[in-house]
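Novice: Next come a sequence and a model predicted from it.
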Amino acid sequence: MSEIEFETDSIVGDMNRRKTSAEEVPFFVKWLMQLGVRDSTTANYILIGATAFFIGAAIYLYAGIFEEPQKDWSLDAKASTEAQKYQH
């Protein structure tokens, strides 16, 4: 019974042995580090902030699309008074 090994044990062991190399750093983090950001944590925070800004800007710009436009009741009143003129 003590020789049973589950798949999760080997996966956890592989994850512990795995180290981050320069090849595994994402493109935008490398790009920000080339621009002068000191470490990858700061670069990640910058990317999260930029993402939040662009999502907020998109919501702000598209907020008025789903509203129903207000109806101009003055045109309906004019049409009804003209229609009453012709009925008499």
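Specialist: Cool, got the structure.

Novice: any idea how far Tyr45 is from the residue nearest to the spatial centre of the chain?
Specialist: What sits nearest the mean C-alpha location of the chain, by C-alpha atoms, centre = their mean, is Ile55, with 4.5 Å. Distance, Ile55 to Tyr45, by C-beta to C-beta, to the nearest Å: 16 Å. (C-beta placed from N, C-alpha, C; glycine too.)

Novice: tell me which residues in the top helix by length along the chain are buried?
Specialist: Secondary structure of the chain per DSSP state H: the longest helix is helix 40-61. Neighbour counts over helix 40-61 (16 or more other C-beta atoms under 10 Å) mark 43, 47 as buried.

Novice: So what touches it?
Specialist: The list of residues contacting helix 40-61 from outside it, by C-beta atoms under 8 Å, 6 or more residues apart in numbering, reads 25, 28-29, 32-33, 37.

Novice: what do you get if the cut-off is 6 Å, keeping everything else the same?
Specialist: Contact partners of helix 40-61, identified using C-beta atoms under 6 Å, 6 or more residues apart in numbering, comprise 28-29, 32-33, 37.

Novice: Which among those count as buried?
Specialist: 29, 32, 37.

Novice: Which residue is the nearest non-sequential neighbour of the first one?
Specialist: Spelled out, it's Val29. Spatial nearest neighbour of Val29, excluding adjacent residues (C-beta to C-beta, 6 or more residues apart in numbering): Ala43 at 4.5 Å.

Novice: and the gap between Leu47 and Ile65?
Specialist: 28 Å.

Novice: and what of Asp39?
Specialist: 40 Å.

Novice: more crowded one of these two?
Specialist: Counting neighbours by other C-beta atoms under 10 Å for Asp39 and for Ile65 shows that Asp39 has the greater number, 9 against 6.

Novice: and the nearest residue to the more buried one once chain neighbours are set aside, what pLDDT?
Specialist: If the residues on either side of it in the chain are set aside, Asp39 comes closest to Met33, at 7.8 Å by C-beta to C-beta, 6+ apart. pLDDT recorded at Met33 is 93.
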